[in-house]
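Chemist: Predicted model, plus sequence, below.
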Number of protein chains: 2
Amino acid sequence: AWQWIDLHAGPLPSDRVDLIEAHGHVLATAICAPMVVPPVDRAAVDGYAVPGMATLGAGAYHPLVFLLPMEAALEHSAASAGAAVPVTAGMPLPQGTDAIVPAAFAEESDGQVEVTAAFAPGENVVRRGMAVAQGACLLPAGRRLRWHDLALLSSVGSEQVGVIRQPRIRLVVTGSELVAAGQRHRFDQVFETNSVMLRGLLARDGGRLENIWRTQDDRTAIRNALLAAGADIILISGGSGLGRNDYTAELVAEEGELALHGLALEPASSAGLGRIGGALLVLLPGDPGACLCAYEVLGARAVRLMGGGSANWPYAKLQAEVGKKIVSSPGRTDYCLVRLVDGCIEPCPSGLYAASRADGFIVVPEACEGYPPGVEITVYRYAFCDD
Amino acid sequence: AWQWIDLHAGPLPSDRVDLIEAHGHVLATAICAPMVVPPVDRAAVDGYAVPGMATLGAGAYHPLVFLLPMEAALEHSAASAGAAVPVTAGMPLPQGTDAIVPAAFAEESDGQVEVTAAFAPGENVVRRGMAVAQGACLLPAGRRLRWHDLALLSSVGSEQVGVIRQPRIRLVVTGSELVAAGQRHRFDQVFETNSVMLRGLLARDGGRLENIWRTQDDRTAIRNALLAAGADIILISGGSGLGRNDYTAELVAEEGELALHGLALEPASSAGLGRIGGALLVLLPGDPGACLCAYEVLGARAVRLMGGGSANWPYAKLQAEVGKKIVSSPGRTDYCLVRLVDGCIEPCPSGLYAASRADGFIVVPEACEGYPPGVEITVYRYAFCDD
């Protein structure tokens, strides 16, 4: 399944987005500095701009006196010889100056300044190009943009940035038994949860959720939802199995390509993959625990790869020891929820209630029958980083 | 400074938000299950509902025959004795049945079904209350909501949820030299970056950015920005120092309370804290590298605590060895950017360009003069978890 996804979920073409929308997007091309920063020498601190050589010999017991320029001269930002020009941090250096005396080493009175320490040329100055040199490569192609990166790009005047387009997602939620939370609910109905969960996971993975279609278990409605244009990825939840109301796999096979259906994956064995009308399609089981597993293992990977991102799970990893035996059937891969109890791994049942209590998950590979206590394995952590 | 923040940035009152907006919010009170899930026994798989006892003795070489009920009986979801009722996963169990024969163990033909294995009462059934029991505590007060949690709440019909209100943030960006990225730019002007960076970091920390005020270095404009109503936290960048155009600290002291100004914190020594017009105020230096440090150390903590969150940094932590000597002055705390080179920590210069290249940061405490190579310390990682 991963091979098929990696083959069919290649990065989309590039796109330009506003800088403030670009967090988490992946750069389409490397970005070189369009200007040097700063474009001129600037004061690094508040103080007085001077020719540094003129302060040599100054000390606490031997202050040197500089004249303050008159207001008219200040306007021109030019210091006459022997003058000290008041500056604030960030101001361009006045002509004829090359060092800043910080305010703490200068005593101003009556149109003159006593300087009590020496500052060599260049001291307390941010030189032209010191922050960003001419033509410097600011960020490489393929970089997933962090907040600092956006600030860096903005510091060289960029308003927009060229990124891999994020995939447009259509979410199709099928099931005649489903009602939305907040609605009246009969005993034979089920509150719909998958759209709530997937909406969030898609945002995390950089999928642009364009619309949510809700359908009954109805061939025509499901076909319409699958064949509408405008999606790069269709996630369809429910109806993935082989029951008499399960139409999805059949419709995909009829109208597109059903590449894989039925995986040796617990708890999402009815998941599937295919293509329809130009979109990649992931069949997700309707059961929320199984839907979570299928999205994490299949859907999330496709979403991230199409957006130019990583195939890896976006979870912090932790090595920990198994505390209670974890059992798996050989011949299938298990997405197994776990808790960390005194730092040791214990398996949880599947399902939403367990997922909410779980500290993360482990993957038990196909060839493995599970893990006895004491073995060290990798946990993918659901927690916020500061929990 | 942290003590002052912890004292003045207590959690805000609670608020109700829509479930789909609630990710990352902190629960104001524990949530108990308002209903059991499922509310009735349900089929766990597609197949045939039967009285389990009636399948005893069935085997591949000894199939037992059940009648399919007629359509009329199906409507009433009641099985007559000796009948097997077709069900799909999730359907309530028909009266008189207590187990499901999965489709793989049943052969249907001519109005009857051959069952080829025995299923005890309860097998392949999700019992009433099995997912969520009556009155179960679903989530404790203080829980920061993850996506699974929202799905869990939606599964019991919740549409909204009671959370600690997230703080309303006013961002005031001061500086006569600033222009926005994309605008024309003279050599003595600087592209404004802090709002781009802070917008993102605020979103991460759960701060609701209500508005951005941009002002010149002008007392009246800054006073207006500080005194307007409606913010829980004011972040003001620029003008935090003691230069002649630095009005912020003075204005806060005049119009409110300037609690702390000037911190033994590198590179954000001009940062400050105070209160004005009911809002908590953080003075951030205008220099982007220093602004990042001050926001991370002071602002972010206040934002998270007011929203009911954790004082801890929201970064994955890593223990690593120092590769190149890290120098710090005793008597001040250093927020030091670092790179990981072959798994070892090397210091970076401060500033945006370095921050974008850094793998994270370390904190060198006040009493410490730095770290020699070989010492193991904690790195807070900037990276996405899957990088």
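Modeler: Looks like it arrived, so ask away.
Chemist: When you work out contacts or count neighbours from here on, use the C-alpha atoms and nothing else.
Modeler: Fine.
Chemist: Just confirm residue A:234 contacts residue A:173, I think it does.
Modeler: No: counting by CA atoms under 8 Å, residue A:173 is not a contact partner of residue A:234; they are 10.6 Å apart.
Chemist: So which residues on the stretch 101-250 of chain A come close to chain B?
Modeler: Applying CA under 8 Å from any CA of the partner chain, we find that the stretch 101-250 of chain A lies next to chain B at A:131-132, A:138, A:146-152, A:154-159, A:180-183, A:187-188, A:190-194, A:196-197, A:199-201, A:242-245.
Chemist: now those: which count as buried?
Modeler: When these are checked for burial by 16 or more other CA atoms under 10 Å in any protein chain shown, the buried set is A:131-132, A:138, A:146-152, A:154-159, A:180-181, A:188, A:190-194, A:196-197, A:199-201, A:242-243, A:245.
Chemist: Mind pulling up the pLDDT for the closest residue to chain B within the stretch 201-350 of chain A?
Modeler: Nearest residue of the stretch 201-350 of chain A to chain B: residue A:314, at 4.6 Å (CA to the nearest CA). The per-residue pLDDT reported for residue A:314 equals 89.
Chemist: Under a three-state scheme, what state does it occupy?
Modeler: coil (DSSP: H, G, I helix; E, B strand; the rest coil).
Chemist: Let me see the ranges of the strands in the stretch 251-387 of chain A.
Modeler: A:257-261, A:265-266, A:272-276, A:279-284, A:316-322, A:326-327, A:333-341, A:344-347, A:360-364, A:370-371, A:376-381 (DSSP state E, counting those that start in this stretch).
Chemist: do the same with the stretch 51-200 of chain A
Modeler: So, for the stretch 51-200 of chain A - with DSSP E, counting those that start in this stretch - the strands run A:64-67, A:85-87, A:99-102, A:106-109, A:112-115, A:125-126, A:137-139, A:160-164, A:168-174, A:178-179, A:190-191.
Chemist: so who does residue A:280 touch?
Modeler: A:8-9, A:232-234, A:273-274 (CA atoms under 8 Å, 6 or more residues apart in numbering or on different chains).
Chemist: ok, so of those, who is nearest residue B:57?
Modeler: residue A:273 (39.1 Å; CA to CA).
Chemist: ok, now which ones touch that closest one?
Modeler: A:1, A:258-261, A:280-283.
Chemist: Check residue A:356 too.
Modeler: B:146, B:148-149, B:152.
Chemist: Can you name the residues in contact with the biggest helix by length in chain A?
Modeler: Of all segments of type helix in chain A, defined using DSSP state H, the longest is helix A:194-205. With CA under 8 Å, 6+ apart as the test, helix A:194-205 has contacts from A:171, A:173, A:208-209, A:212, A:237, A:286, A:288, A:291-292, A:295, A:300, A:303-304, B:19-20, B:23, B:147-148, B:150-151, B:154.
Chemist: among those residues, which ones are buried?
Modeler: Buried, going by 16+ other CA under 10 Å: A:171, A:173, A:208-209, A:212, A:237, A:286, A:288, A:291-292, A:295, A:300, A:303-304, B:19-20, B:23, B:147-148, B:150-151, B:154, out of the contacts of helix A:194-205.
Chemist: And the pLDDT for residue A:353?
Modeler: 88.
Chemist: And for it, the neighbour number?
Modeler: 23 (other CA atoms under 10 Å in any protein chain shown).
Chemist: Do I have it right that it meets residue B:153?
Modeler: No: the pair residue A:353 / residue B:153 is not scored as a contact, 9.4 Å apart, by CA under 8 Å.
Chemist: give the contact list for the most centrally placed residue in chain A.
Modeler: Central residue of chain A (CA atoms, centre = their mean): residue A:24, 3.2 Å from the mean position. Contacts here follow CA under 8 Å, 6+ apart; on that basis residue A:24 touches A:144-146, A:206.
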